[in-house]
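In: For reference, the sequence and a predicted model appear below.
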Amino acid sequence: MEVSYREEEVASAASSVAGRLTAHGVPARLAGGDPTLWGEDAEAEAAAGLGWLALPRSSRELLPELGRLAGRTRAAGLTNVVLAGMGGSALAAEVICDTCDVPLTVLDTTDPAQVRRALAEQLDNTVVVVASKSGTTVETDALLRVYEAAFAEAGIDPAGRFVVVTDPGSPLEKRAVEAGYALVTARPDVGGRYAALSAYGLVPAALAGADVERLLDEAGQVLPLLSRDTGNPGLDLGAALGGAALAGRDKLVLEDQLSAINGLPGWIEQLVAESTGKQGRGILPVVAADPNGTGDELVVAIESDVGDVRVDGPLGAQFLVWEYATAIAALLLEVNPFDQPEVAESKANTTELLTLPDLPAGAPAFTDGPVEVYGAVRATDLPGLFAEVLHAIPRDGYLAVMAYLDRLAAFDAPVPDGADFEHMTDAWMMADAATLRALLALRTDRPVTFGWAPRFLHATGQYHKSGPQNGVFLQITGEVAEDVAVPGRPYTLGRLQLAQALGDLGALETRGRPAVRLHLTDRAAGVARLLEAVQEA
Ligand SMILES: O=P(O)(O)OC[C@H]1O[C@H](O)[C@H](O)[C@@H](O)[C@@H]1O
């Protein structure tokens, strides 16, 4: 595992902060699990959350159980593995499976169409891993209920179809025991976003067929380096991230196109944004975007030379080194890397909204074809709105696009008969809400981020509300054609999804941030109109 600096300014900022850290014995203290590093206010959470440093060894104890579970599900012909989980309880498994090229359906959504899509896939051969540390996350609870109902309706005994991963004593543990589901309890002293090498990352990955022992070997090899003052990749990366952020380079552009590891930036995004984005400070991860060459960027490239910092190493080692580096960067920014108070705020808003008979969606400021626009805006059409929004981004700020939609809908786009792969890709791209990010990015030198909701609420959502207050926000919601009931709950997935959007919008508006909601009354036509209008802006 190696971290190398490819730019003089980054190297000198990093070496100056690394000198300060080693003078205080920080590398060895962090590697040894010293909970006092982040100050008194963070001590209790740190003491209860540094178990990730021991995972390369302690997770080995899970291997026999994982082998048995994987063998049992394979023998039962359950080859379609679905993971219901949010944030840290989903993203690591996604990266592991993408990198090992084994199929895993990650359901970290409340979108009725996307959930219907998953339900329609091989229910007969499906095993659902339900992963939640707290055991109370609303999305995960809803997906468990939806799958229980689907199995019951198909006459399938749900007992053999769920594998629950949770902390000991959680409400989900109780539920799993009562229902007779397979249960793996996780080490409780590991925070959600640091849980890649714990049962949360490993159980779904092992069931999907990934070689998880190898990940632990890879992490185990880097572990002894983390107590060193020199030749310590975690310190080198953390000092670069923190040193650069202190010098004003607080937009972290993550590049991985040349890496054999697939999707790591999405996992890094939740780790860094949730751990550092608080008290008006933080590092904003920017994923799937080209750098703009502005003075507030730090480009970190996984296994390539295209960045200011290059990070080489296998996936297991990357997980551990990024966790360590994030804890170092938080220390330098003087924030607690183990809490996420503003994630809880949007959750509370959502819960409160769900108690109302009707969701307060408000009245549109204007309508442009299949798109209703909600918010305090001067524009009267979409091109004007995009121009207004781009103009509103502060000089040191960013624009965040957040889509409460089916992230796979673009693949339904009609493709002309006989189209080759290039034409198919073009058709998908022009039907994909994520393309809005790229088109907006062409019109500004400020970073434009994109997040599928509610996934991003458990990642950049914390940063949006409590990091530097220089974000401008565009929410996209869509009409629900066919909703999905959540058995035992007084809401459907569609209602929950809209409540999440309105709950987060409320949290952003309370802070005085410019925030607009674009509601697609026809989803496919709405996406097409957005992509057309942004090019006219
Ligand atoms: O695993 P759960 O308790 O369901 O939590 C899922 C996610 O929820 C919140 O967003 C936390 O901030 C994340 O760190 C966590 O990974």
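Out: Yes, it's here.

In: In this structure Gly243 contacts Val10, no?
Out: Yes: contact criterion Cβ atoms under 8 Å: Gly243 and Val10 qualify, at 7.4 Å. Backbone N, C-alpha and C define where each C-beta goes, glycine included.

In: Between those two, which has more neighbouring residues?
Out: Gly243 (26 against 23; other Cβ atoms under 10 Å).

In: quick one: Pro364 and Glu7, what's the gap?
Out: Between Pro364 and Glu7 the distance is 47 Å, computed by Cβ to Cβ, to the nearest Å.

In: repeat for Ala453
Out: Distance, Ala453 to Glu7, by Cβ to Cβ: 35 Å.

In: Kindly report the same for Ala240.
Out: From Ala240 over to Glu7 the distance is 10 Å, taken as Cβ to Cβ.

In: Give me the common contacts of these two.
Out: Shared contacts of Ala240 and Glu7 (Cβ atoms under 8 Å, 6 or more residues apart in numbering): Asp308, Val309.

In: in the stretch 401-537 of the chain, what residue is nearest the ligand?
Out: Going by Cβ to the nearest ligand atom, the ligand is nearest to His458 of the stretch 401-537 of the chain, at 3.2 Å.

In: do the stretch 251-400 of the chain as well
Out: For the stretch 251-400 of the chain and the ligand, the shortest gap (Cβ to the nearest ligand atom) falls at Gln340, measuring 3.9 Å.

In: show me the contacts for that residue.
Out: Glu274, Gln462.

In: pretty sure Val286 is in a helix, no?
Out: No: counting by DSSP: H, G, I helix; E, B strand; the rest coil, Val286 is not found in a helix; it is strand.

In: Can you name the residues bridging to it?
Out: For Val286, the beta-bridge partners are Val253 (DSSP bridges).

In: I figured Val253 hits Ala289, correct?
Out: Yes: applying Cβ under 8 Å, one finds Val253 in contact with Ala289, separated by 6.5 Å.

In: and for these two, which residues touch both?
Out: Shared contacts of Val253 and Ala289, defined by Cβ under 8 Å, 6+ apart, comprise Pro447.

In: and the closest residue to the ligand within the stretch 51-200 of the chain, what does it touch?
Out: Among all residues of the stretch 51-200 of the chain, Gly192 sits closest to the ligand, at 2.7 Å; criterion: Cβ to the nearest ligand atom. Going by Cβ under 8 Å, 6+ apart, Gly192 touches Gly87, Gly88, Ser89, Lys133, Tyr200, His458.

In: Among those, which ones are in helices?
Out: Tyr200 (DSSP state H).

In: Could you identify the most distant pair in the contacts of Gly192?
Out: Greatest spatial distance in these: Tyr200 and His458, 12.7 Å, computed using Cβ to Cβ.

In: These two: who's more crowded?
Out: Using other Cβ under 10 Å, the more surrounded residue of Tyr200 and His458 is Tyr200, with 33 against 29.

In: At the contact with the ligand, which residues of the stretch 401-537 of the chain appear?
Out: Residues of the stretch 401-537 of the chain lying close to the ligand by Cβ under 6 Å from any ligand atom are His458.

In: how about the helices of the stretch 401-537 of the chain, start to end?
Out: Taking DSSP state H, counting those that start in this stretch as the criterion, the stretch 401-537 of the chain carries its helices at 421-429, 435-441, 460-466, 493-510, 523-536.

In: Mean pLDDT added to those, as CSV?
Out: Shown next, in CSV, are those (pLDDT from 0 to 100):
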stretch, mean pLDDT
helix 421-429, 92
helix 435-441, 98
helix 460-466, 96
helix 493-510, 96
helix 523-536, 98
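
In: which of the ones you listed sits most buried?
Out: Compared across these, helix 460-466 shows the largest average neighbour count, a mean of 28 (mean count of other Cβ atoms under 10 Å).

In: which ones are touching the residue lying closest to Leu258 once chain neighbours are set aside?
Out: In this structure, Leu258 finds its nearest non-sequential neighbour in Ser304, 3.8 Å apart by Cβ to Cβ, 6 or more residues apart in numbering. Ser304 is in contact with Glu255, Asp256, Gln257, Leu258, Ser259, Arg310, counting by Cβ under 8 Å, 6+ apart.

In: residues near Gly263, how many?
Out: Gly263: 18 neighbours (other Cβ under 10 Å).

In: And it, what's its pLDDT?
Out: The model reports Gly263 with a pLDDT of 97.

In: Kindly report the same for Asn349.
Out: At Asn349, pLDDT is 87.
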